[in-house]
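[1] What follows is a predicted protein model with its sequence.
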Amino acid sequence: MGQLGAISILSLTIGLSLFRPRVGRIRIQPATAAMFGATLTVAVGLLSPLEAWEVLEFLARPVLTIVSLMIITIVASQAGFFRMLAWRLARSAGGNSRRLFARLFFAGTITGTLFTNDAAVLIFTPMVYQLVQEIQEPSWTDANRVPFYFAVLYVANLVGALVISNPINIIVADWFDIGFVEYAFWMVLPAVVSMIVTYFGLVLFFRRSIPKTYRVPTSAAMSASIDSTPRGRKLRVVTAGVLIATLIGFFSEPWSGIPTAYVAGTGALLLLILHHFFGAERTRSVITEVGWDAVVFVVGIFIVANGLRAVGLTDSIGVVLLAATEVGQQAGNFAAGLIAAVSSAVMNNHPTAGIMALSIGDLPVDAVTRQGMAFAALIGGDLGPKMLPVGSLAALLWFRILRSQGVEISYWQYVKLGVPVTLAAVVLSLGVLALEYAIFL
């Protein structure tokens, strides 16, 4: 089966993931669609069972990292960290809505950086929805609430300053053997630029929608939403201790030699053991709340991407990238970043990450050039999903959560905001990466 067949499988997989049609009484979910696509990839001979198994072996460490970070995020949420953060931000902003908007955005950015974007959206979206319901004034309209919802989504689609900020970062970094500290060295500044551009883009777009004031929540309301018993306080203390130790473990990788996956796994396991002493039901709820469907989706779509490699599609992308590198390394980086951004918007950033990693990995270029294009592709893959609603799993989760609360966001509003802000963020972030390479190499 040639490229047409492989592209058809990819299109079918993405189509089923996005539109989630019903088969009888069962609605197809993204995870089911991805596994169906992976099964088709093997069944039609694009990959042999042995080759598919090799893909699974490679994904073992990235998947361990993703699941561990989800567990850590869920435990932190159950401990009340995020609810406490939201209420304290609302109290500290003193009734000034623009100030609160800024604080939610930047606090969410930090949260998305230290955890994963999908987990941040899953936890922050309902949390901010609840907060808005609590603080809104009688004069607020639906338009006044929307900016706060977009602030939550957009912190999930910034350049990942750390490997752990986005599942696609984890997979691509593992593919190119990029360590935690090395990744942060090159990507923190592009991440800061993407954050600043995105923030001011949101403020400009919603300049007439963000209300002037809100009702400051009372201390009693905050206490009612957070477990203030001795057990609850102990839970937060031990959770904070493990979080700090885990983060130290990430940054000490160059000296300890312990991969990110094992540090994250150890932190997650330790939290589960410690939380067992605060009630077995908490441990069970953590495991059940893990986004297993997202994990299965990532695995399935990467197998589909390897099927595209087998029929030479990634070679075709490689030809374009190689032609760009002949102009200069930074031309190659910009090409990789823009291709990844547009592809992520059109067909989701998870398959794009797999395709770009395979395309760049097969190029006959030196290690420095290959790594630079990998970073550029991640910038495009992290930011690109903001252009279209289908671009990322985080966006799909965001839409689903809001709709379950009766909040309808139009796709046109999403696109009007997403395209100009994203293109500006991609170009400027790639420019910062180019400047770093000019200075440090």
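    Yep, that arrived. Being a predicted model, the structure only gives us computed values, none of them experimental.
[2] Below-threshold pLDDT in the stretch 1-150 of the chain: ranges please.
    1, 119 (pLDDT under 70).
[3] show me where this structure has strands.
    22-23, 26-27 (DSSP state E).
[4] Any idea which of those strands gets closest to residue 130?
    strand 26-27 (26.6 Å; Cβ to Cβ). The C-beta positions use only the backbone N, C-alpha and C, and glycine is treated the same way.
[5] contacting residues for the residue lying closest to residue 140 once chain neighbours are set aside?
    Spatially, and ignoring its direct neighbours in sequence, residue 140 is nearest to residue 211 (5.8 Å; Cβ to Cβ, 6 or more residues apart in numbering). Residues counted as contacts of residue 211 (Cβ atoms under 8 Å, 6 or more residues apart in numbering) are 97, 137, 139, 140, 144.
[6] Apply 6 Å and report the result again.
    97, 140, 144 (Cβ atoms under 6 Å, 6 or more residues apart in numbering).
[7] how about a markdown table for those residues, with distance to residue 32 added?
    A markdown table is the format used below for the contacts of residue 211 (distance: Cβ to Cβ, whole Å):
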| residue | distance to residue 32 |
| --- | --- |
| 97 | 41 |
| 140 | 39 |
| 144 | 38 |
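[8] And for the closest residue in space to residue 22 that isn't next to it in sequence, the neighbour number?
    Of all residues beyond its chain neighbours, the one nearest residue 22 is residue 28 (7.5 Å), with distances taken as Cβ to Cβ, 6+ apart. Per other Cβ atoms under 10 Å, the neighbour tally for residue 28 reads 15.
[9] Please report how far residue 28 lies from residue 34.
    10 Å (Cβ to Cβ, to the nearest Å).
[10] Show me which residues of stretch 330-338 are buried.
    Neighbour counts over stretch 330-338 (16 or more other Cβ atoms under 10 Å) mark 330, 332, 333, 334, 335, 336, 337, 338 as buried.
[11] What sits closest to the fourth one if chain neighbours are left out?
    Once flanking residues are discounted, residue 334 sits nearest to residue 430: 5.4 Å by Cβ to Cβ, 6+ apart.
[12] Now that the one you found has come up, it's in contact with residue 336, right?
    No - the pair residue 430 and residue 336 does not pass the contact test of Cβ atoms under 6 Å, sitting 9.0 Å apart.
[13] Dead centre of the chain: give me the residue that sits there.
    The centroid of the chain falls nearest to residue 117 when counting by Cα atoms, centre = their mean (3.2 Å).
[14] Nearest residue to it in space, please, no chain neighbours.
    residue 156 (3.8 Å).
[15] which residues of the stretch 251-400 of the chain score low on pLDDT?
    The stretch 251-400 of the chain contains residues with pLDDT under 70 at 278-282, 390.
[16] follow-up on the earlier one: shared neighbours of residue 430 and residue 336, anything?
    Common neighbours of residue 430 and residue 336 (Cβ under 6 Å, 6+ apart) are residue 376.
[17] Please name the residues that touch the residue nearest to residue 334.
    Contacts of residue 430 by Cβ under 6 Å, 6+ apart are 334, 337, 376, 379.
[18] Test my guess that the second one contacts residue 379.
    Yes - counting by Cβ under 6 Å, residue 337 sits close enough to residue 379 to count as a contact (5.1 Å).
[19] Phi, psi for the residue lying closest to residue 144 once chain neighbours are set aside please.
    The shortest distance from residue 144 to any non-neighbouring residue, by Cβ to Cβ, 6+ apart, is to residue 211 (4.5 Å). Dihedral angles of residue 211 (phi, psi; degrees, to the nearest 10) stand at phi -70, psi 160.
[20] distance of residue 211 from residue 198?
    Distance from residue 211 to residue 198, by Cβ to Cβ: 21 Å.
[21] likewise residue 271?
    Residue 271 sits 31 Å away from residue 198, going by Cβ to Cβ.
[22] Same check on residue 274?
    Where residue 198 is concerned, residue 274 sits at a distance of 36 Å (Cβ to Cβ).
[23] Tally up the residues packed near residue 383, please.
    Neighbour tally, residue 383, other Cβ under 10 Å: 35.
[24] so it makes contact with residue 424?
    No - judged on Cβ under 6 Å, residue 383 makes no contact with residue 424 at a distance of 9.7 Å.
[25] Could you check stretch 201-212 and say which residues are buried?
    In stretch 201-212, counting by 16+ other Cβ under 10 Å, buried: 201, 202, 203, 205, 206, 210, 211.
[26] What of stretch 434-441?
    Result for stretch 434-441 [16+ other Cβ under 10 Å]: buried residues 434, 436, 437.
[27] Equivalent analysis for stretch 2-19, please.
    5, 6, 9, 10, 13, 14, 16, 17.
[28] got a list of contacts for it?
    28, 30, 33, 37, 40-41, 46, 304, 307-308, 311, 313, 347-348, 390.
[29] now stretch 122-134
    Taking Cβ under 6 Å, 6+ apart as the rule, stretch 122-134 contacts 77, 82, 86, 108, 145, 148, 152, 217, 397, 398, 401, 405.
[30] let's see it at 8 Å
    73-74, 77, 82-83, 86-87, 90, 104, 108, 111, 145, 148-149, 151-153, 155, 215, 217, 221, 291, 397-398, 401-402, 405, 407.
[31] One more: stretch 366-374?
    Under Cβ under 8 Å, 6+ apart, the answer for stretch 366-374 is 172, 175-176, 178, 321, 325, 329, 332-333, 336, 356-357, 360-361, 363, 365, 433, 437, 441.
[32] how far does stretch 323-331 sit from the chain's center?
    29 Å (Cα atoms, centre = their mean, to the nearest Å).
[33] for stretch 190-201, that is, sorry about that
    16 Å.
[34] Repeat that for stretch 93-100.
    Distance of stretch 93-100 from the chain centroid (Cα atoms, centre = their mean) equals 27 Å.
[35] quick one: contacts of that stretch?
    89, 90, 103, 135, 203, 210, 211, 212, 213, 214, 215, 216.
[36] The fourth one: how many residues sit nearby?
    Read that as residue 135. The number of residues near residue 135, taken as other Cβ under 10 Å, comes to 23.
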